[in-house]
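> predicted coordinates and the sequence they were generated for:
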Amino acid sequence: MLAPRGRPVTAGESALIAEQERLAVAARDAARAAQRRLEGAGCGKSVRAALASLRDDYEAAGEEDRPGVLAQMHEVAAREDIRREAPPGDLDAPYFAHMRVRTGGRVRDVLLGTRPLLDAGRGVTVVDHRRAPIAEVFFTCAPGDEYEIEVDGRSVEGVLERRHIVTFARGALAAVSVPGGALERSDDGWRFEPGALVPTLTRASGQPLAAELPSRGEGGPRLASLLDAAQTALLRRAPDEPLLVLGAAGCGKTTVALHRVAAICRAAPDRFDPARVLVVVPEPGLLHLARRMLADLSMEQVLVQTFDDWIRGEARRLFPWLPPREAEEAPFGIRRVKRHPALTVAIDALIEESTREIASRLDRLLAGHGRIRAAIEARTETILDERLRLAGEVLLAEAAPKRKRLLEGALREERRKLERVRGDLRRLVGDRALLDQAARVAGGDLPPLVLQQLTDHTRRQLDDPSEVRYAHVDADRLITLDGRSLDDGTPDATAGTVDVEDYAILLELLYRKTGRTSTRAGALSRYAHLVLDEAQEFAPIELRALGRALAGGSATVAGDAAQRIDRTSHFASWDAVVGELGVEVAPAHLETSYRCPRPLVEMAHLVLGPDAPPSMPRAAREGPPVLLSMLPDEGHAAVVITEALRDLAAREPRASVAVIAHDAATARAVHEVIIRALPARLVLDGSFTFAPGVEVTEITQVKGLEFDLVIVPDADAASYPDTPAHRRMLHVALTRASHQAWIVAPGAPSPLVPWAPPGTSPTPPQRMKAAPAEP
Ligand SMILES: Nc1ncnc2c1ncn2[C@@H]1O[C@H](COP(=O)(O)OP(=O)(O)OP(=O)(O)O)[C@@H](O)[C@H]1O
């Protein structure tokens with residue numbers, strides 16, 4: 001049981017509580033009354049049934065009765081509209097903040113909630129905290145501030161007298177924020193608890209952001225002196241030696257990998273020209289960070305790319321026929337199939353089919369009576385060109401001179417055509433029989449529904465977009481009113497596009513058919529050294545493409561299996577990763593976490609649960625506790641987070657804060673609230689600034705990055721259920737913090753978080769649940 005830190009409330013605070021309780025009771029009654037009214041207005045199902053029967057009546061009615069039936073339909077539909085707009089989301093907690101304003105000579109209490117609710121009789125006004133103009137006063141003013149806002153084009157002035165965040169527990173007021181803490185209800189009555197409800201975030205002074213570590217122009221040895229002995233030992237490895245650096249989040253894998261680039265380019269400049277070094281990362285955020293770190297190491301010439309950008313550039317050079325348009329990110333299921341290792345089985349089957357077709361064609365052409373097919377099918381080489389060449393040698397040795405020339409010509413022509421892979425791609429991802437062969441070995445991973453989704457998607461991609469279909473129509477008539485293309489945002493938007501996942505498949509098909517990585521149009525780039533960061537996120541087919549670009553060069557591979565969050569990447573093991581890349585290497589392990597302080601390392605390890613590595617990384621330093629808050633809902637959480645950030649911005653303007661949501665939709669919703677109070681950037685495209693300020697983002701964006709503070713705004717049971725994938729996601733979010741993390745659960749809390757572990761500091765609603773009252 002946690003010892004109470006606070007004190008009994010003062011008389012003034014008691015008066016405030018009484019006033020807040022009156023407001024709470026009035027709001028709850030108003031919400032319940034509104035709910036009763038709406039129930040009286042009919043429930044959705046019965047309204048739909050009523051409308052359906054009225055529609056039948058309308059059909060059956062004579063001309064003269066129809067207006068009457070129509071009027072009834074309108075009335076029922078209007079009731080349905082009221083029901084849909086219906087307020088009270090949570091009858092027991094209809095609002096989460098209160099402010100008292102003096103405006104037009106009157107004092108008004110305004111409550112902030114998720115749904116608006118107006119009950120003049122009870123004196124209750126709940127406004128939508130995201131949209132109502134008056135809510136801006138709550139987010140931007142302090143008590144005593146004068147304000148001027150615009151409402152429906154009119155300017156409204158006033159003074160903010162009070163502002164409080166409140167929480168409810170089991171329908172009753174549970175806490176009211178006051179300067180320095182909160183008044184909290186316990187079984188003994190109300191108490192003042194310092195720092196409660198809205199926790200105080202801190203930023204340790206002097207914590208380096210990764211980008212601030214080494215400074216430009218300083219030499220290699222000086223930079224390396226920032227590294228520990230284990231890290232420095234890795235830099236001493238021979239430049240040609242492949243290196244696989246593993247270790248938990250924040251152990252310095254990226255740091256070592258990029259320092260190694262500088263080290264080998266300096267040690268062997270004749271073989272390792274920085275311009276021939278490629279650094280590949282999964283996401284744009286890490287790309288920006290890596291470029292900055294390389295610039296600090298005077299290695300600006302090194303090419304840093306996301307895998308998608310790299311493969312796009314390569315494939316478009318090799319296959320100039322590719323449609324210029326790329327589809328918007330393909331649905332999860334489709335990406336999963338296209339990146340699945342079992343797709344190789346479908347590729348094998350496709351190559352077999354192509355081989356048989358070529359053999360039959362040659363037999364027909366040269367009247368081979370099955371001998372050519374038998375000779376080709378007798379070969380077992382995996383590269384089709386090899387098979388044709390070697391079978392050809394056998395056939396040519398036996399052939400008469402005249403026939404020899406014919407055979408030679410026909411074989412040459414067939415081998416020349418092998419680099420045409422466009423039709424193969426269409427067949428591979430559009431032919432259900434081939435895909436079913438992959439599904440059979442995928443152990444339930446590729447269900448029929450997903451394969452159907454893929455073949456439908458492929459069919460749509462093969463359609464001509466409307467612009468092509470309507471080429472005979474004037475171009476300006478094909479532009480819609482909002483200036484977008486005719487197909488934008490429609491299923492037809494997929495027509496005539498290619499998926500980014502197709503590029504690696506095309507390279508694979510090319511290689512499997514020709515044994516080459518070039519076409520007449522161009523050749524795959526070659527690198528002296530490849531750095532692959534966050535390597536757990538790449539699919540086998542992508543690793544093979546990179547391996548082929550490496551051909552003979554050396555590699556530094558860095559990753560952490562506990563951080564794999566892309567469920568379409570199919571990570572199997574580190575042996576498999578380096579195997580696909582074509583390098584042989586034993587892993588080197590880093591064991592000290594430099595980014596996260598001890599409480600965070602422990603929490604992140606706990607969150608991984610059964611998936612945690614056997615030993616917890618060593619933390620290089622102590623730090624503040626991980627903050628935990630349970631709040632009634634998302635709106636409430638967003639307001640509490642906003643309040644804490646407002647306070648932090650005033651005290652620590654140089655802190656870098658990431659609010660890391662589980663998904664983009666949640667990030668947008670939280671951002672919508674935060675920007676009412678302070679400048680915050682919504683980053684969903686990797687464009688992080690690595691500068692002080694607040695950035696709201698989603699987990700897939702933050703791989704490899706770090707911020708002073710991390711806030712997880714949605715650690716509820718629905719966003720983070722107990723699955724290995726969700727454990728890893730939460731782990732990644734938390735380990736982005738170099739100083740402190742705050743986990744907020746709106747509604748039912750996630751089972752992944754130990755809500756009251758030692759060393760953490762739960763905020764009031766949680767403590768009230770976790771700890772019974774003192775005797
Ligand atoms: N020896 C060291 N001494 C002090 N700080 C270090 C040391 N090594 C790395 N760091 C710092 O630790 C932080 C994490 O490093 P880095 O990003 O390289 O880790 P990582 O293992 O790649 O992390 P992740 O797995 O999360 O991508 C960075 O701020 C880096 O500057």
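Looks like it arrived, so ask away.
> can you give the contact residues for the strand or helix carrying residue 108?
Taking DSSP states H and E as the criterion, residue 108 maps to strand 106-113. Strand 106-113 is contacted by residues 23, 27, 89, 94-102, 123-129, 132, 134-135, 138, 161, 635, 639 when judged by C-beta atoms under 8 Å, 6 or more residues apart in numbering. From N, CA and C alone the C-beta is placed, and that goes for glycine too.
> what pLDDT does the residue nearest to residue 130 when sequence neighbours are not counted get?
Excluding its sequence neighbours, the residue lying closest to residue 130 (C-beta to C-beta, 6 or more residues apart in numbering) is residue 672, at 5.3 Å. Residue 672 carries a pLDDT score of 94 in this model.
> which SSE is residue 672 in?
When elements are assigned from DSSP H and E, residue 672 belongs to helix 664-674.
> that helix: what's the following helix or strand?
Helices and strands here follow DSSP H and E; after helix 664-674, the next one along the chain is strand 680-683.
> I'd like to know which elements the following helix or strand past that following strand is packed against.
Using DSSP H and E, the helix or strand that directly follows strand 680-683 along the chain is strand 693-698. Here strand 693-698 touches strand 656-661, helix 664-674, strand 680-683, going by 3 or more C-beta pairs under 8 Å, 6 or more residues apart in numbering; DSSP states H and E.
> buried residues in the longest one?
Of the residues in helix 664-674, 666, 667, 669, 670, 671, 672, 673, 674 count as buried by neighbour count, 16 or more other C-beta atoms under 10 Å.
> again, but for stretch 312-331
Within stretch 312-331, the residues that count as buried by 16+ other C-beta under 10 Å are 312, 314, 315, 316, 317, 318, 319, 322, 325, 326, 327, 330.
> quick one: mean pLDDT over that stretch.
Rounded mean pLDDT across stretch 312-331 is 93.
> burial count for the residue of the stretch 351-500 of the chain found nearest the ligand?
Residue nearest to the ligand within the stretch 351-500 of the chain: residue 500 (23.0 Å; C-beta to the nearest ligand atom). By the criterion of other C-beta atoms under 10 Å, residue 500 has 18 neighbours.
> and it, how far is that from residue 544?
According to C-beta to C-beta, to the nearest Å, residue 500 and residue 544 sit 16 Å apart.
> show me which of the buried residues of helix 664-674 is closest to the ligand.
Lowest distance from the ligand to these (C-beta to the nearest ligand atom) belongs to residue 667, with 19.7 Å.
> how far away is the nearest residue to that closest one once chain neighbours are set aside from residue 198?
Distances taken as C-beta to C-beta, 6+ apart put residue 661 closest to residue 667, at 4.0 Å, once the chain neighbours are dropped. Remark: distance between residue 661 and residue 198 (C-beta to C-beta) = 19 Å.
> now do residue 515
With distances taken as C-beta to C-beta, residue 515 is found 64 Å from residue 198.
> more neighbours, the two?
Between residue 515 and residue 198, counted using other C-beta under 10 Å, the more crowded position is residue 198 (23 against 15).
> phi, psi for the more buried one please.
Residue 198 adopts backbone torsions of phi -110, psi 100, taken as degrees, to the nearest 10.
> okay, now the closest residue in space to it that isn't next to it in sequence: neighbour count?
Among residues not flanking residue 198 along the chain, residue 643 sits closest, at 4.6 Å (C-beta to C-beta, 6+ apart). Neighbour count for residue 643, taken as other C-beta under 10 Å: 20.
> give the contact list for residue 643.
Counting by C-beta under 8 Å, 6+ apart, residue 643 touches 165, 177, 198, 677.
> likewise residue 21?
Counting by C-beta under 8 Å, 6+ apart, residue 21 touches residue 173.
> my read: residue 608 touches residue 726, true?
No: under the criterion of C-beta atoms under 8 Å, residue 608 makes no contact with residue 726, lying 10.8 Å away.
> quick one: low-confidence residue ranges for the stretch 401-550 of the chain.
464-492 (pLDDT under 70).
> picking that back up, just the buried residues from the contacts of strand 106-113, in ChimeraX please.
To isolate the buried members of those in ChimeraX, using 16+ other C-beta under 10 Å:
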select :23,27,89,94,95,96,97,98,99,100,101,124,125,126,127,129,132,134,135,138,635,639
